Each structure stands twice: as C-alpha cells, then as structure tokens.
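K.L.:
I'd like to go over a predicted model; first the sequence, then the structure.
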Amino acid sequence: MHMSAPEHHTDAAAEEVTRIHPRSVLGRLPRYAAGKPPVVIEGLQSFKLSSNENPLPPLPAVLQAIGSQTAVNRYPDPMTTTLRTELAAFLGVPPEDIVTGAGSLGALNQILAAFAGQNDYDAPDEVIYPWRSFEAYPICVGLAGAMSVQVPLLPDSTHDLDAMASAITDRTRVILLCTPNNPTGPALAEQEVRGFLAKVPRNIVVVLDEAYVEFVRKEEAVEGLQLYRDYPNVIVLRTFSKAHGLAGLRVGYSISRPALTEHLRVSATPFAVSQIAEHAAVTSLQHIDEVRERVQTIVDERNRVVDGLKQLGWEVPEAEGNFIWLALGENTPEFAALAEQQALSVRPFGVEGIRVSIGEPEANSRFLELCATYTKGPGVS
C-alpha cells in the first residue's frame, strides 16, 4: 500500500504550537541529571561509578524467574498481592501497611500526591528536606505543587535536625529524612531521630527514605521499621533497586499505618509494578541470604575505599551507602575530568563535590590510584 509523505507543519501551525505553555513551575525546577556512562578509553576497561547501581547482576534464580514470565500481554495485579505478602512476612508487618510503587521514587511521588501539593487555599504546602540530598526531591516536590524548604547540611554532611525542626510552619505537610543521605553518605542515629520526631506535630508526615538501608553497618543507626511502629505519622521508603540489583525493573514500596495507606492507595499509580518486576522481587526475597552475601562484598569494598582514602590523607564523610562523597568544591569539574580520562564515570555536583559509587574491585582500585596522584583532595594539605 502506497503511503503518502507526512505533511510538514506550516509556519502558522508552528506558531500555534509555540503558544502552548507548560505549567510555570517547570521553568523553576532543576532537571534530573542521571549518571553518565563512562567514556571508552583504548586499553582500559570502562566502569560506571555514577549512578549508585549494584555492580553485580541479579541472582541467577532471579534471572531465571524473569525469563519465565511470558504473560506480559496481561495487566499485572494492581495490588501486587504476592509481593506485599512476601514482604510482610519478611519485614514482620501487615501486608495492608505496604504500598508498592515504581521504585522508591515512584512510592515517594505517591506520598507527595497524597499529602502535599495543590490545595483549596492560596498558600502552598511546604515540604522540608535536607540539602544537599537526593536530587529528585526538589523536582518531585515542585511537580506535586508544593514548596521546597531546603535545610543545609551540617559541615560533617549530616542532617541539621535542629534547623529542620525550626523550619516547621503551619504550612508544613511533609518532612523528608534521607538515611543514608544521598549523595553525602552519613546515616541518621536512632536517638537523634526520636528526639526530632518529638518536636514534629503528629499531623505532619515524616518520610524516612531508606533506599540504601541494607548497606548500613552503623550500630546506632535509626531503624525505620521500629519508628513506623512507634509513630503513626512516619512512612518508611525502600527499594529493590540497590541491594537486590533490580534498578531497571523499578520496584519500591512504602510502609506506614492504615490511616496513611488508605490515602496512598488512592494516589498510587495503577499497575506501576509489572508482573516481571514483582516476580523478580519476590524471588530475590526468597534468596535473601545470597543477597546479603553480595551486599557484604560491596560493604567490604566500600570500607577498603574509605580506608584507602584516609591513608592518603583525604577527609571523607561517614559512608553508609554503596557510595562515597568527596567534598572537592571548586576542584569538582577537574577531578571528574581526570576520572573520565581513566575510563571512570563519577557523579559531579556543580562545584560542591563528587559522589563515587562502589563498583567492581578493579574500578575501585583504579579510583584509589587516581586519588593517590591528585594533590587537591579534601583535607589534603
């Protein structure tokens, strides 16, 4: 059958298109900058250390489970019943308290859609969070229609919880705590979070973003699940992207009391978790000992990198995720370029610093070799 060539837009039609404007908030929001892939350098294997990905593939049983799923012509279970049941048994919580989403980011968007955004009065809702922290926070908050209240981190890259408590107003609807904090690394301590929650009115939702919780080894680190049991306004946010190595399948979830989940189920994106993703997550949970073994190998590598940097005289914040933070300031672009020349992609943040994901042992060793030759590292005199 002969197909006619597509018609080109006339100048008049193009002019009409230019009159279509997006919401004004889009012009005020930062753009999400995903970690770049490494450049190809002849003679060097390239490594991506820019996206906090698990360098190990999913477990063999998980890959087999993914391959067995063929009914992709059917919609998935909108309630992800099998996964929530498996998670409930694993975490020791009622399945009704779990709401799944497309990664922890999808689950966060559901929380913001339910509790902070456009309302029936002029003053916008406010969402308080530390900064610098996860770079998607200001985007998600802005798109929800709420106003970001960013509270600077303390000099040691930890949350300034006193300042965050002081930032609460009658317009505050949600507070985000990121532990370990991405991209800087420190984890919150149990007692400091409990002290903070004592200052937060119970009508404000407090989200504990624990995307990297499986990598935490700090003895006094906060336990999100216990806080959720003790405080009805706490929501715990988790993901299968990091420890389980399922970043490409987008499986996350929140845990909160029924008084909150009843609203989250209304704001949840239908069919956000595919049947392939659900089956993979369930299978990974059923092989949790193997997952933990793999996580420990990454933690061991993280410790090796941190120890190596300290031996070089570099100052590194507490690292409790699968990444480290280098507060390089104005030297950030220079170091990122040097890493690129070594076929290593890292994640620079303007002129603040660089986040480096823990990758394969060879990648980590090459990174340390680069640091040994760089004389402007943080703390190096």
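P.N.:
The structure has been received and is ready for your questions.

K.L.:
can you list the domain ranges for this structure.
P.N.:
33-56+289-373, 70-286 (automatic domain parsing).

K.L.:
indicate which one of those domains is closest to Gly27.
P.N.:
Within the domains of the chain, the stretch nearest Gly27 is domain 70-286; the backing value is 10.2 Å (Cβ to Cβ). For the C-beta atoms, the positions are set from N, CA and C on the backbone; glycine is no exception.

K.L.:
next, the distance between the ends of that closest one.
P.N.:
Terminal residues of domain 70-286 lie 21 Å apart, using Cα to Cα, to the nearest Å.

K.L.:
tell me who's in contact with Asn233.
P.N.:
200, 202-206, 260 (Cβ atoms under 8 Å, 6 or more residues apart in numbering).

K.L.:
distance-wise, check Pro183 relative to Tyr137.
P.N.:
12 Å (Cβ to Cβ, to the nearest Å).

K.L.:
what do you get for Phe367?
P.N.:
Distance of Phe367 to Tyr137, computed by Cβ to Cβ: 27 Å.

K.L.:
what's the answer for Lys242, then?
P.N.:
For Lys242 relative to Tyr137 (Cβ to Cβ), the value is 17 Å.

K.L.:
now the helices: where do they sit in this protein?
P.N.:
11-18, 60-67, 81-91, 103-115, 136-144, 161-166, 190-197, 224-230, 258-267, 275-286, 288-311, 332-341, 361-373 (DSSP state H).

K.L.:
buried subset of the contacts of Asn233?
P.N.:
200, 204-206, 260 (16 or more other Cβ atoms under 10 Å).

K.L.:
and which of those residues is nearest Leu29?
P.N.:
The nearest member of these to Leu29, counting by Cβ to Cβ, is Val205 at 21.7 Å.

K.L.:
quick check: the closest one touching Phe115?
P.N.:
Yes - with contact defined as Cβ atoms under 8 Å, Val205 counts as touching Phe115 (5.0 Å).

K.L.:
any residues in contact with both of these two?
P.N.:
Shared contacts of Val205 and Phe115, counting by Cβ under 8 Å, 6+ apart, come down to 173-174.

K.L.:
what is the burial count for Tyr121?
P.N.:
By other Cβ atoms under 10 Å, the residues close to Tyr121 number 8.

K.L.:
ok, now Ile20?
P.N.:
6.

K.L.:
how about it, phi and psi?
P.N.:
For Ile20, the backbone dihedrals are phi -90, psi 120 (criterion: degrees, to the nearest 10).

K.L.:
quick check: the gap between it and Leu143.
P.N.:
From Ile20 to Leu143 the distance is 18 Å (Cβ to Cβ).

K.L.:
repeat that for Gly224.
P.N.:
From Gly224 over to Leu143 (counting by Cβ to Cβ), the distance is 25 Å.

K.L.:
quick one: which of those two has more around it?
P.N.:
When Gly224 and Leu143 are compared for neighbours, Gly224 comes out ahead with 24 against 16, by other Cβ under 10 Å.

K.L.:
with adjacent residues omitted, what lies nearest to the more buried one?
P.N.:
The shortest distance from Gly224 to any non-neighbouring residue, by Cβ to Cβ, 6 or more residues apart in numbering, is to Val236 (3.9 Å).

K.L.:
same check on Gly313?
P.N.:
Gly313 sits nearest to Val380 (Cβ to Cβ, 6+ apart), 4.9 Å away.

K.L.:
show the pLDDT at that neighbour.
P.N.:
Val380 carries a pLDDT value of 89.

K.L.:
can you tell me how far it is from Phe367?
P.N.:
Using Cβ to Cβ, Val380 is found at 16 Å from Phe367.

K.L.:
looking at these two, which one has more neighbours?
P.N.:
Higher neighbour count among Val380 and Phe367: Phe367, with 24 against 13, using other Cβ under 10 Å.

K.L.:
list the contacts of that one.
P.N.:
Applying Cβ under 8 Å, 6+ apart, the residues near Phe367 are 49, 305, 339, 342, 344, 346, 356.

K.L.:
now the second one: how far from Pro232?
P.N.:
With distances taken as Cβ to Cβ, Val305 is found 40 Å from Pro232.

K.L.:
between the two, which has more neighbouring residues?
P.N.:
Val305 (24 against 12).

K.L.:
any idea how far the residue nearest to the more buried one when sequence neighbours are not counted is from Pro138?
P.N.:
Leaving aside its sequence neighbours, Val305 sits nearest to Asn364 (Cβ to Cβ, 6+ apart; 5.2 Å). For Asn364, the distance to Pro138 equals 31 Å [Cβ to Cβ].

K.L.:
show the pLDDT at Ser133.
P.N.:
Looking at Ser133, its pLDDT reads 98.

K.L.:
to Leu26, which of the domains of the chain lies closest?
P.N.:
domain 70-286 (8.2 Å).

K.L.:
so how many other residues sit close to Thr81?
P.N.:
11.

K.L.:
the residue nearest to it when sequence neighbours are not counted and Ala89, how far apart?
P.N.:
Nearest-residue entry for Thr81: Pro95, 7.7 Å, with adjacent residues in sequence omitted and distances by Cβ to Cβ, 6+ apart. Going from Pro95 to Ala89 by Cβ to Cβ gives 9 Å.

K.L.:
who's in contact with the residue lying closest to Pro152 once chain neighbours are set aside?
P.N.:
Residue nearest to Pro152 in three dimensions, not counting chain neighbours: Trp131, with 6.1 Å by Cβ to Cβ, 6+ apart. By Cβ under 8 Å, 6+ apart, the residues touching Trp131 are 137, 150-153.
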